[in-house]
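Chemist: below: sequence and its predicted model.
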Amino acid sequence: MNGKEKDSKELHLIGSMEGRQVKTVGLGYSHVAVVTEEGELFTWGDNTFGQLGGGKKRKEAQRVEGLTGVVNVSCSIGEQYGQTGCVNANGVGYLWGSNYKYKLGHTDINMDTKQDSQAIQAVIVS
């Protein structure tokens, strides 16, 4: 990450991830998620819909609190409405971000607006 909102044709190390071994990366429409070998989840980018797992839009990787033992992550890449999902070592899944078109599994709430979508934090998939 080069700390600038412009495209780059050069490779850049993720400075805020220095010293950590990356296991997997999820690339979203407007955000990124990284799982480390230690099972930590880091996110950065746009957070309009809460897809970073807390906080505001950010340029640097920040650890998502409350999640441990993460083994895989996926970010939405199709529509502009952001979602993130991860699975931990025990097979428990978590989803957060926009519930647009019920993508988080909240069938009683269809959040079509940015303002409402921020209310969704995480849901455990059983």
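Modeler: Received the coordinates, thanks.
Chemist: measure residue 23 to residue 30 for me?
Modeler: 22 Å (CB to CB, to the nearest Å). Backbone N, C-alpha and C define where each C-beta goes, glycine included.
Chemist: pLDDT of stretch 69-85, averaged?
Modeler: If you average the pLDDT over stretch 69-85, you get 88.
Chemist: quick one: low-confidence parts of this protein?
Modeler: 1-5, 101-102, 106-126 (pLDDT under 70).
Chemist: what number of residues lie near the spatially closest residue to residue 46 that is not a sequence neighbour?
Modeler: Nearest residue to residue 46, sequence neighbours excluded (CB to CB, 6 or more residues apart in numbering): residue 30, at 3.8 Å. Residues near residue 30, counting by other CB atoms under 10 Å, number 18.
Chemist: looks like residue 94 contacts residue 66 (just checking).
Modeler: No - with contact defined as CB atoms under 8 Å, residue 94 does not count as touching residue 66 (9.2 Å).
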